[in-house]
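# please find the sequence and the predicted model below.
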Amino acid sequence: MSQLVSYFVEQGVAVVTIDNPPLNVMSKQVFQELSEAFSELQENKEAVAVILTGAGNKAFMAGADIKEFPNLIGKTGIKSDFLESHAVLNQIDNFPKPTIAVLNGLTFGGGCELALSCDIRIAEEHTQIGLPEIKLGLFPGGGGTQRLPRLIGEALAKEMMFTGEPISAAKAERIGLVNRIVESGTGLSEAKNMAAKIARYSLPALSRIKQAVNVGLNKTLDEGIDYEAELFEEVFQTEDIREGVSAFIEKRRPVFTHR
């Protein structure tokens, strides 16, 4: 069985690529290999920021592997199977390092839901994004009904899911679904530039930014402020804050060791 997910790490930036031609669909093997890749990168001290993309220029990921669906029709007691998929998406969502998805083509169904689990999304101008599950008598079952409304609001999310119609990269940027649009073929280089800038900073601080936002969004404002203060106390115990403050006083660029 050929490998469908690979990665490399260079100067603090990891690039994870899904290569399941022709459209990089989300199969069980892809899920498993994504989980393995992110588990390894979590422990990899050289990787500070992670980019996720699809091979080629046709698709980031064009949804789930529909050929796996007939085996599920009419079955009961399969909620646990779906939760296994959720576990991988949650793993990426809660990954303690910044993540950037490069959408370089069709980003449909599970591909959209995978992109939603990343912190930042960069879309090439030819990208189409959608949740077309309704056209199969389904609905988004990879966290789309939960993550999308939190990102773009209830009404716009419902419209995308009720109609199943894709939107352009330009509209995705307008509604806040993607952070920026770039020319076709330049998404990875744009993401590398952004990730390289992020990777120069302290990982203990970066990871706590992510924790504070992700956890705080599910708390009241007062509870979120209290949690932020807790994490702020923690970051003052790191070696990196000593280096950062010293570098500022000495008017030099800090060299963080991520400790």
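Arrived safely. Residues are numbered from 1 along each chain as shown.

# the residue nearest to residue 203 when sequence neighbours are not counted: how many residues sit nearby?
Using C-beta to C-beta, 6 or more residues apart in numbering and skipping the chain neighbours, the partner closest in space to residue 203 is residue 258 (3.9 Å). Any C-beta I mention is one placed from the backbone N, CA and C, and that applies to glycine too. For residue 258, the count of nearby residues is 19 (other C-beta atoms under 10 Å).

# ok, now residue 214?
Neighbours around residue 214, by other C-beta under 10 Å: 12.

# and for the one 4 residues further on?
For residue 218, the tally of surrounding residues (other C-beta under 10 Å) stands at 9.

# just residue 95 next, same as before
Residue 95 - counted by other C-beta under 10 Å - has 19 other residues nearby.

# i'd like the first residue to be 40 from this point on
Happy to do that; since the first residue is 40 now, the last one works out to residue 134.

# who are the contact partners of it?
77, 80-81, 89 (C-beta atoms under 8 Å, 6 or more residues apart in numbering).

# ok, now with 10 Å
Going by C-beta atoms under 10 Å, 6 or more residues apart in numbering, residue 134 touches 77-78, 80-81, 89, 156-158, 246, 249.

# and for residue 201?
When the contact criterion is C-beta under 10 Å, 6+ apart, the partners of residue 201 are 170, 173, 178.

# want to throw the residues you listed into TSV with distance to residue 229?
Listed next are the contacts of residue 201 as TSV, based on distance: C-beta to C-beta, whole Å:
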residue	distance to residue 229
170	25
173	32
178	33
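
# and the residues you listed, which of them are buried?
For those, a neighbour count by 16 or more other C-beta atoms under 10 Å gives the buried set as residue 170.

# secondary structure element for the residue nearest to residue 242, which one?
Here residue 297, judged by DSSP states H and E, is contained in no helix and no strand.

# the strands in the protein, which residues?
With DSSP state E as the definition, the chain shows strands at residue ranges 44-49, 52-57, 88-93, 98-100, 138-142, 145-147, 159-163, 167-169, 206-207, 219-221.

# related to what we said a few turns ago, looking at the residue nearest to residue 242 now. What's its pLDDT?
pLDDT, residue 297: 92.

# right, and it touches residue 280 too?
No: using C-beta atoms under 10 Å as the test, residue 297 is too far from residue 280 to be in contact (11.9 Å).

# hmm, back to that, next, format the contacts of residue 134 as TSV and append pLDDT and distance to residue 42.
Output for those, formatted as TSV (pLDDT from 0 to 100; distance: C-beta to C-beta, whole Å):
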residue	pLDDT	distance to residue 42
77	98	15
78	98	15
80	98	16
81	98	19
89	98	18
156	98	21
157	98	21
158	98	25
246	97	28
249	97	28
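
# looking at the contacts of residue 201, which is nearest residue 41?
Nearest to residue 41 out of the contacts of residue 201 is residue 170 (C-beta to C-beta; 28.7 Å).

# pretty sure that closest one is touching residue 216, no?
No: contact between residue 170 and residue 216 fails when scored by C-beta under 10 Å: they sit 11.0 Å apart.
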